[in-house]
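Enquirer: Sequence first, then the predicted structure, then my questions.
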Amino acid sequence: MKILVPVKQVAVLDEDFELREDGRDVDPDYLNHELNEWDDYSWEVALQLQERHGAAVEVVPVTVGPTQAEEGLRKCLAKGGERGIRVWDAALAGSDPTVIARLLARLAEREGADLVLTGAQAADHAYAQTGVGVAALLGWPHVAVVSALDYTPGAASAKVCRELEGGLQEELAVQMPAVLTIQLGINEPRYASLRGIKQASAKPIEVLSHRELGLSDAQVGEAGSACRVRRMYVPAKGQAELIEGTPAEQARRLAEIINELRGVNG
Amino acid sequence: MSGILVIAEHRRGELNPVTLECIAAAAELKTARGGTVAVAVLAQDPDAYLARLGVGGVDELIKVAVPVAEFQSDVYTEAVLALIGSRRPALVLLPHSIDAWGYAPALAVRGGYGFTTDVFGLRYEGDTLVATRAGYREKVHVELDFPGKATVLLTLRGNAFKAAEGSASPAVSVFDAPAASPRSQHLGYREPEAGDGVDITQAEYMLSIGRGIGEEEHVAEFEELAERMGFTLGCSRPIADNGWLPKYRQVGQSGKTVSNCKIYIALGISGSVQHMAGMKHVPNIIAVNKDPEASIFNIARYGVVGDIFEIAGELRNHFT
């Protein structure tokens, strides 16, 4: 069986940043990128399924993004897997999660995937849309925010736990093939070995365009999106009263504040 | 295409209070733009929720009987798609909840609606609906519109809109949902782990630690500090996920809400939306973080930009 794991290089802003001239996004010069934390866990789920069930399971990390997004694929490949796939071309700029889901669904069909594992959300924009969108486009069942998985590759169904609000969990059975969106804490993602990191640089990464996935220009980019950014702005900051001084002075003042608030004499 | 449809949410017989916030947001748009507000409730026994949903601004309650007692994504998706197809609302609002994560994107791609999630601001500019959400880990706000979309589906962030108040006498109607084949099956709930006598929802004074503590071996010194100060020790998600503290000490959306807390000290917690959902109502939040841009400072009353180990080390000298 084949497990497809969509991953994302999420954007992290520099401490000081500027918006793009059109005011609709941050100037890319001020963005750094790292692998989405949730995707570290979904890749680990895939690797553990492969380890338990041997060579019959192939795990493939995939991403939608420009060249720098390959860093995320290499990070995954340093821990396991033999190849990755990156989808990108100029027409994909400005794509929202609906478009990303459309590309990933086509990719899952093209690859003949049997299971898709995504992160429950991405750390930068936190849409929490992509995985369930992929499932709906594939016509597959799905479970969102999965915190535990009991599955034998090849079986007709899996037992999963869904993390709900307030510490409650729901146990459910889901038919396969399916899309599961994975929550933090489901496992302990491994570290890559130095040998793995070295080997990953030689593993092949196939690059595909939206047209190679059978999608038209109208189905991608802003034209294919379910929403459009009008403007972006930096919100007014909150009002925390900052306590200055040496650590000893800061701690003394904090102790006074805490005692005053508790009605205790300092 | 006209009118606003709110999809009510409930679990184990309890209405999700964010439903009332969605209704208030809908009612406010109605005041500005006209049209009607309908609230649909999908349940085995929709009548059980009607009394609580007849609040200010609601024109119609739609009962949608479904054959499942618990949320089920296939059943909910088919029912809501059919309802939207029948009513053709301009706007559909849902709470930005785990259940919505589990089917709103399926609704959006199946229906081809305008769509975004976690919205905390909503208005019309002329005929254009403008939704506001956050981006780049809450560092920016983003205004979105939905060109060419006759129906827009949005999930709304909890506590971002006031809850609907007052009462109304809405018309009550019935919508027959099409049959759906559920491809997942509810097996049961797992209750949150019992707190060994510790119930952080009742604590008045909390000292919470986050990713900034770095290593498990550092938990003990903060535990000792909390005890010395007479505070209850809590944590953010990474600490519980790592197993450094039990899950019942986790504050946040997937943890607990510290309902009775009067002073909340956040050490090394940058302030994710999920964490803040559990504590931002606390009147006195004190944050210590080395990152001056950490979003926790936006809701804290007092802040220290600095090293949590240095501050904690000095702080312990003031409590015996």
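Expert: Okay, I see it. Every value quoted in this text rests on a predicted model; they were computed, and no experiment measured them.

Enquirer: average pLDDT across the one helix or strand B:Ala48 maps to?
Expert: B:Ala48 is part of helix B:47-53, with elements assigned from DSSP states H and E. For helix B:47-53, mean pLDDT is 96.

Enquirer: next helix or strand past that helix?
Expert: Next helix or strand after helix B:47-53 toward the C-terminus (DSSP H and E): strand B:60-65.

Enquirer: Can you tell me how far A:Asp39 is from A:Gly119?
Expert: Distance of A:Asp39 to A:Gly119, computed by C-beta to C-beta, to the nearest Å: 4 Å. Glycine gets a C-beta too; all of them are placed from N, C-alpha and C.

Enquirer: residues shared between the contacts of these two?
Expert: A:7-8 (C-beta atoms under 8 Å, 6 or more residues apart in numbering or on different chains).

Enquirer: Give me the distance between B:Arg11 and B:Gly306.
Expert: Noted for B:Arg11: a distance of 42 Å to B:Gly306, by C-beta to C-beta.

Enquirer: no, scratch that, I was asking about B:Leu122
Expert: 38 Å.

Enquirer: Low-confidence ranges, the stretch 101-250 of chain B, go.
Expert: Applying pLDDT under 70 to the stretch 101-250 of chain B flags no residue at all.

Enquirer: Spell out, range by range, the helices that occur in it.
Expert: Listed in chain order, the helices of the stretch 101-250 of chain B (DSSP state H, counting those that start in this stretch) span B:104-111, B:219-229, B:237-241.

Enquirer: mind putting the ones you listed in a markdown table, distance to chain A included?
Expert: Shown next, in a markdown table, are the helices of the stretch 101-250 of chain B (distance: least, C-beta to the nearest C-beta, whole Å):
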| stretch | distance to chain A |
| --- | --- |
| helix B:104-111 | 4 |
| helix B:219-229 | 7 |
| helix B:237-241 | 3 |
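
Enquirer: wait, what's in contact with B:Phe161?
Expert: Taking C-beta under 8 Å, 6+ apart, we find B:Phe161 in contact with B:21-22, B:24-25, B:28, B:120, B:122.

Enquirer: most tightly surrounded among the helices of the stretch 101-250 of chain B?
Expert: helix B:104-111 (a mean of 26; mean count of other C-beta atoms under 10 Å in any protein chain shown).

Enquirer: tell me what that one is packed against?
Expert: Under the contact criterion of 3 or more C-beta pairs under 8 Å, 6 or more residues apart in numbering or on different chains; DSSP states H and E, helix B:104-111 touches helix A:97-111, helix A:130-138, helix B:73-87, strand B:114-119, strand B:152-156.

Enquirer: what angle separates the second one from strand B:114-119?
Expert: Computed with axes from the mean of the first three to the mean of the last three C-alpha atoms, to 10 degrees, the direction of helix A:130-138 lies at 150 degrees from that of strand B:114-119.

Enquirer: next helix or strand past helix A:130-138?
Expert: Remark: after helix A:130-138, the chain's next helix or strand is strand A:142-150, criterion DSSP H and E.

Enquirer: Name the residues that touch that next one?
Expert: Under C-beta under 8 Å, 6+ apart, the answer for strand A:142-150 is A:45, A:120, A:128, A:131-132, A:135-136, A:158-164, A:169, A:172, A:174, A:178-183, A:185-186, B:73, B:98, B:101-102, B:106, B:184.

Enquirer: Output the residue of the stretch 51-200 of chain B whose distance to chain A is smallest.
Expert: Distances between the stretch 51-200 of chain B and chain A by C-beta to the nearest C-beta are smallest at B:Pro192, namely 3.1 Å.

Enquirer: coming back round to it: identify whichever of the helices and strands packed on helix B:104-111 lies nearest to B:Phe231.
Expert: Relative to B:Phe231, the nearest member of the helices and strands packed on helix B:104-111 by C-beta to C-beta is strand B:114-119, separated by 31.4 Å.

Enquirer: pLDDT weak spots in the stretch 1-150 of chain A?
Expert: For the stretch 1-150 of chain A, no range has pLDDT under 70.

Enquirer: Please name the residues that touch B:Gly102.
Expert: Residues near B:Gly102 by C-beta under 8 Å, 6+ apart: A:132, A:142-145, A:162, B:71, B:73.

Enquirer: For the residues you listed, give me JSON lines that also has neighbour count.
Expert: Formatted as JSON lines, the contacts of B:Gly102 follow (neighbours: other C-beta atoms under 10 Å in any protein chain shown):
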{"residue": "A:Val132", "neighbour count": "31"}
{"residue": "A:His142", "neighbour count": "27"}
{"residue": "A:Val143", "neighbour count": "26"}
{"residue": "A:Ala144", "neighbour count": "29"}
{"residue": "A:Val145", "neighbour count": "27"}
{"residue": "A:Arg162", "neighbour count": "30"}
{"residue": "B:Phe71", "neighbour count": "22"}
{"residue": "B:Ser73", "neighbour count": "28"}
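
Enquirer: what's the closest non-adjacent residue to the spatially most central residue of chain B?
Expert: Residue closest to the mean C-alpha point of chain B, counted by C-alpha atoms, centre = their mean, is B:Gly158 at 4.0 Å. The shortest distance from B:Gly158 to any non-neighbouring residue, by C-beta to C-beta, 6 or more residues apart in numbering or on different chains, is to B:Val18 (4.4 Å).

Enquirer: B:Ala69 - nearest residue in space that isn't next to it in sequence?
Expert: B:Gln44 (5.4 Å).

Enquirer: which ones are touching B:Thr320?
Expert: B:Thr320 makes contact with B:Arg228 under the criterion C-beta under 8 Å, 6+ apart.

Enquirer: how close does it get to chain A?
Expert: 11 Å (C-beta to the nearest C-beta, to the nearest Å).

Enquirer: Do you have the helices of chain A handy? List them.
Expert: Remark: helices assigned in chain A by DSSP state H are A:37-53, A:70-77, A:97-111, A:130-138, A:194-200, A:247-262.

Enquirer: These into TSV, with extra columns for distance to chain B?
Expert: Formatted as TSV, the helices of chain A follow (distance: least, C-beta to the nearest C-beta, whole Å):
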stretch	distance to chain B
helix A:37-53	9
helix A:70-77	17
helix A:97-111	6
helix A:130-138	4
helix A:194-200	22
helix A:247-262	3
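
Enquirer: Quick check: A:Ala218 touching A:Ser225?
Expert: No - contact between A:Ala218 and A:Ser225 fails when scored by C-beta atoms under 8 Å: they sit 10.9 Å apart.

Enquirer: And for A:Glu206, the neighbour number?
Expert: 12 (other C-beta atoms under 10 Å in any protein chain shown).
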